[in-house]
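K.L.:
attaching a predicted model along with its sequence, questions to come.
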Amino acid sequence: MFIFDFDRTLTNGISSPGETNLSMLVRGGSSTITSLSRAQSLGCPLYIITARRPSALTVEQINASLDNAQSALSPFFLRGPATTLNHNEIPLARGGHIYAADYQKAAALAHIIGDYRPPPSIYFFDDVVVNSYIVATTTSKHLPPKHPPISLTSFWWDSFEEEAGPDPTMTPSHTATTDSNYADHARHMLAAFGVTASECDERIELYRSITKGSRSTRRAGEALKEDELARVKAASKEVRANMGPLESVLGARFARGPRPPPPSNDWRAKAAADKSRAAAAKALFRDRPVSSLPPGLLSDPRWETMFQVESPDEGTTGGLTFVATLSGAFAIKSANDLAEEYIGTHFLHAAGVPTPAVIMTFPGDEEHACILKAVEEVAKQYSRRGDAEGATSIMMHGLTSMRKFDGPLLLMELVPAASTLNQIGGRASIFLEPDMDPLSRTRLESIGRMWILDTVLNFRDRFTSRINYSEYDAAVVAAESEEDKVALTGNCDNVLISEGGVGIVAVDSHVKLIIGSDNSDARSRSLAMLLGSVSSLLADESSNPISFDWLRFTVEVVSGHSLSDSALEAARIGAIKGLFATSSAVSSARAEIEKGIANRNEKWTASLLRIDIEALSLVAKEVESKLGEHCEVCVPPQPLDVPAALEPNVGSTVEGIGASPLLWARLSDELKEALVNERVLGISPGPHSAGDFWYLEQGA
């Protein structure tokens, strides 16, 4: 487990607005990002503990930094609702894997450790020597009396070379503050990290020499020197240039003159009317989320007809937006690792796993620009109806997430009327037992394929089993609390189950064989575990398929239902079918990579080239060889007929509005009326709800 301070540990201090150089935004630049990616790919938990004030607002501020200036760090730290809590009467704030603890970082770390049984090896990093020393020496005091010993290594990430070396990359620290690394009370702490007293004195003198004289004083009436005057004039000119756009906006606002004062004693009535108007606007979509609407086809999305935009609940997948057009419902993703998901999805689909249809669109493409424009137009529609909250949410979450990575968007056909594996509850006995439902066997075989093919991709997120966790059996035996058991099920939200269509779909699938993110020993261990599992799969007796007892445990934890042996056998058969499809799936993935490189988009090409397709091909050859050793018990399945993951929402359109009949039938009468009035009859629902913010719209 890796724990980091935020300011000047993960970040490089305070960067200038508009800075794009990664090394100026993230301390260590690309090396830090590569290391974080490697740790994440190996399944290591990553946390932030900031010394800022322990409040929900602080967590939101860190989230805002991860969404903007430090967006390169965003994929590595799990988000969650910002809440405040107490650990042994010490106030903390938390949002997912992000903590705010003031200087009580040892208490925050103890709270994190409490979520893990047994705790992993812990590595803590901070740029302040006091924090690093206190975490190293006092964390155990914040744990329960009988807590097992922990393995904790605390690092002081010394910034001296970066601040005072020959090529400085950080602003020098101030040595005159009480929290300075070189304060008198910290001398024994510095010594613990190898900085002697004489070296400390030398550093202090050097810091003083590079900060002394940074400001000069003038006597009253003394004329500026020519070079000083030139600098002042240049700075003044730059300020006027930067103020130009703001000046035009303010000028347009004041040109309209003052707003007329409201009638006396009428402000309450206006406030009530605005509140009622906002409630009516929200009611248009009540109980009708995008996910409940029929899916559209990426071959005919009609983005310009978009009318509904939603972001997932806070704490779930970042960079994901759901949208509805008059053709149907879609999902749009923006992230740094879209190439991994795009190729991973194609690989699974080629190997017989039902997946949503996905395509990419790039900055500069007409479709990319059309999507961004349509999302902004929907926000304005919400605002004109009086829903300021909904409009702001679309602008701040939906549109910002699509723009922040300045990269491609992954477009996905939405899976209709689906529940995650975590949500099926009592329906598991119907959905996942052979002969109980026409699609049960398909679902079970697909789960088997997902499990074994995720391992081929080195993707460890969806399911947890002994194939990707060497201590799995011991951890299952030791798991007593419900929380401990849930932690051993994986991320079952990436498996969607539905009553119709193909019955099951794999989402959020990634290839994690990345060049430079893993070492040869780790890959050798993973390959050995995979090949061992292949032998176990092929040797299992159909009446006692022990290789899939992990699935029985997982389903029982998330739903309460214990799968029968026949259900596990169906999953085993699916896994074997997936193994036979591995080589053809690798060929499909290679073709997609080559096609993507031919696209000639520089960023996309660089992302695709990070995928180690040769390593994936090697894994496929090893699997094929292992299958050959067991040819006497294996009969290759018939050629795969991979079904589409959704039923096409096609047919004639509703006259006048041009909407899909299936989609139109699912909308409320009030929303239908609003769309017809606004888009067919040209009737505006009213003025914008958010005042001057929306007057930036041309001609508002």
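P.N.:
Perfect, thanks for sending it. Bear in mind the structure is a predicted one, so any value in this text is a computation, not a measurement.
K.L.:
and Ala329, what pLDDT?
P.N.:
Per-residue confidence (pLDDT) for Ala329: 94.
K.L.:
doesn't Ala329 lie inside a strand?
P.N.:
Yes. According to DSSP: H, G, I helix; E, B strand; the rest coil, Ala329 belongs to a strand.
K.L.:
tell me the contacts of it?
P.N.:
Shown in contact with Ala329 (C-beta atoms under 8 Å, 6 or more residues apart in numbering): 290-291, 293-296, 322-323, 414, 416, 663. For the C-beta atoms, the positions are set from N, CA and C on the backbone; glycine is no exception.
K.L.:
ok, Val558 next?
P.N.:
Counted by C-beta under 8 Å, 6+ apart, Val558 has contacts 421-422, 424, 428, 486, 489, 492.
K.L.:
quick one: Ser173 is in a helix?
P.N.:
No. Assigned with three-state DSSP, Ser173 falls outside any helix and is coil.
K.L.:
and it, how far is that from Asp201?
P.N.:
Computed as C-beta to C-beta, to the nearest Å, the Ser173 to Asp201 distance reads 16 Å.
K.L.:
same question, Glu413
P.N.:
In terms of C-beta to C-beta, Glu413 sits 66 Å off from Asp201.
K.L.:
now stretch 282-295: buried residues?
P.N.:
284-285, 290-291, 293-295 (16 or more other C-beta atoms under 10 Å).
K.L.:
what's the burial count for Asn491?
P.N.:
15 (other C-beta atoms under 10 Å).
K.L.:
could you do Thr420 as well?
P.N.:
15.
K.L.:
can you list phi and psi of it for me?
P.N.:
phi -80, psi 160 (degrees, to the nearest 10).
K.L.:
name the nearest residue to it, ignoring sequence neighbours.
P.N.:
Nearest non-adjacent residue to Thr420, counting by C-beta to C-beta, 6 or more residues apart in numbering: Asp493, 4.4 Å away.
K.L.:
hmm, the one you found is touching Ala418, no?
P.N.:
No. Assessed by C-beta atoms under 8 Å, Asp493 is found out of contact with Ala418, at 10.9 Å.
K.L.:
re earlier: closest to Asn468 out of the contacts of Val558?
P.N.:
Of all the contacts of Val558, Asn468 sits closest to Thr489, with 12.7 Å by C-beta to C-beta.
K.L.:
ok, now how distant is that closest one from Leu409?
P.N.:
For Thr489 relative to Leu409 (C-beta to C-beta), the value is 31 Å.
K.L.:
Glu629 now?
P.N.:
For Glu629 relative to Leu409 (C-beta to C-beta), the value is 44 Å.
K.L.:
who's more crowded, those two?
P.N.:
Shown here are Glu629 and Leu409; by other C-beta under 10 Å, Leu409 has more neighbours (26 against 13).
K.L.:
can I get the contacts of Val558 in a markdown table with neighbour count?
P.N.:
Shown next, in a markdown table, are the contacts of Val558 (neighbours: other C-beta atoms under 10 Å):
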| residue | neighbour count |
| --- | --- |
| Leu421 | 26 |
| Asn422 | 18 |
| Ile424 | 20 |
| Ala428 | 21 |
| Val486 | 15 |
| Thr489 | 20 |
| Cys492 | 21 |
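K.L.:
which ones among those residues lie within helices?
P.N.:
428, 486 (DSSP state H).
K.L.:
can I get the contacts of Val558 in a markdown table with distance to Glu670 and pLDDT?
P.N.:
Below are these laid out as a markdown table (distance: C-beta to C-beta, whole Å; pLDDT from 0 to 100):
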| residue | distance to Glu670 | pLDDT |
| --- | --- | --- |
| Leu421 | 35 | 92 |
| Asn422 | 33 | 89 |
| Ile424 | 32 | 90 |
| Ala428 | 37 | 91 |
| Val486 | 40 | 89 |
| Thr489 | 41 | 91 |
| Cys492 | 36 | 90 |
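K.L.:
wait, a strand at Ile48?
P.N.:
Yes. Under three-state DSSP, Ile48 falls within a strand.
K.L.:
once you drop chain neighbours, what's closest to it?
P.N.:
Ile98 (4.8 Å).
K.L.:
then Val557?
P.N.:
That would be Lys485: by C-beta to C-beta, 6+ apart, it lies 4.7 Å from Val557.
K.L.:
what number of residues lie near Ser535?
P.N.:
13.
K.L.:
what are the ranges of the helices in the stretch 51-200 of the chain?
P.N.:
Assigned by DSSP state H, counting those that start in this stretch, the stretch 51-200 of the chain shows helices spanning 56-67, 105-113, 129-138, 160-164, 187-192, 197-211.
K.L.:
hmm, I typed the wrong one, I wanted the stretch 301-450 of the chain.
P.N.:
Under DSSP H, counting those that start in this stretch, the stretch 301-450 of the chain gives helices at 338-350, 366-384, 388-393, 400-403, 428-431, 440-456.
K.L.:
contacts for the first one, please.
P.N.:
I take that to be helix 338-350. For helix 338-350, using C-beta under 8 Å, 6+ apart, the contacting residues are 333, 335, 355-356, 358, 360, 407-410, 449-450, 453, 457, 459, 506, 508-512, 514, 581, 584-589, 592-593, 596, 604, 607-608, 610-611, 642.
K.L.:
which pLDDT value belongs to the closest residue in space to Asn86 that isn't next to it in sequence?
P.N.:
Distances taken as C-beta to C-beta, 6+ apart place Leu92 nearest to Asn86, at 7.0 Å, with adjacent residues excluded. For Leu92, the pLDDT comes out at 94.
K.L.:
now do Gly426
P.N.:
At Gly426, pLDDT is 87.
K.L.:
list the contacts of Tyr133.
P.N.:
Per C-beta under 8 Å, 6+ apart, neighbours of Tyr133: 154, 156, 186, 189, 192-193.
K.L.:
minimum pLDDT in those, which residue is that?
P.N.:
Ranking those by pLDDT puts Ala186 at the bottom, with 85.
K.L.:
distance check, that one against Ile204.
P.N.:
For Ala186 relative to Ile204 (C-beta to C-beta), the value is 12 Å.
K.L.:
more crowded one of these two?
P.N.:
Taking other C-beta under 10 Å, Ala186 and Ile204 do not tie; Ala186 has more neighbours (20 against 16).
K.L.:
you'd agree the more buried one is up against Asn131?
P.N.:
No. Counting by C-beta under 8 Å, Ala186 does not reach Asn131; the two are 10.6 Å apart.
K.L.:
low-confidence ranges, the stretch 201-350 of the chain, go.
P.N.:
211-225, 228, 232, 235-236, 238-267, 313-318 (pLDDT under 70).
K.L.:
my error: substitute the stretch 551-700 of the chain in the last question.
P.N.:
In the stretch 551-700 of the chain, residues with pLDDT under 70: 630-655, 688-700.
K.L.:
how close does Ile210 sit to Asp167?
P.N.:
In terms of C-beta to C-beta, Ile210 sits 14 Å off from Asp167.
K.L.:
which of the two has more neighbours?
P.N.:
Between Ile210 and Asp167, Ile210 has the larger neighbour count (other C-beta under 10 Å), namely 12 against 6.
K.L.:
may I have the residues that are in contact with the more buried one?
P.N.:
Counting by C-beta under 8 Å, 6+ apart, Ile210 has contacts 164, 172.
K.L.:
ok, now with 10 Å
P.N.:
163-164, 168, 172 (C-beta atoms under 10 Å, 6 or more residues apart in numbering).
K.L.:
still on that earlier bit, distance to Ile33 added to the contacts of Ala329, as TSV?
P.N.:
Listed next are the contacts of Ala329 as TSV, based on distance: C-beta to C-beta, whole Å:
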residue	distance to Ile33
Val290	32
Ser291	33
Leu293	37
Pro294	40
Pro295	35
Gly296	35
Phe322	29
Val323	30
Leu414	31
Pro416	37
Leu663	41
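K.L.:
give me the number of residues near Arg52?
P.N.:
Neighbours of Arg52 (other C-beta under 10 Å): 17.
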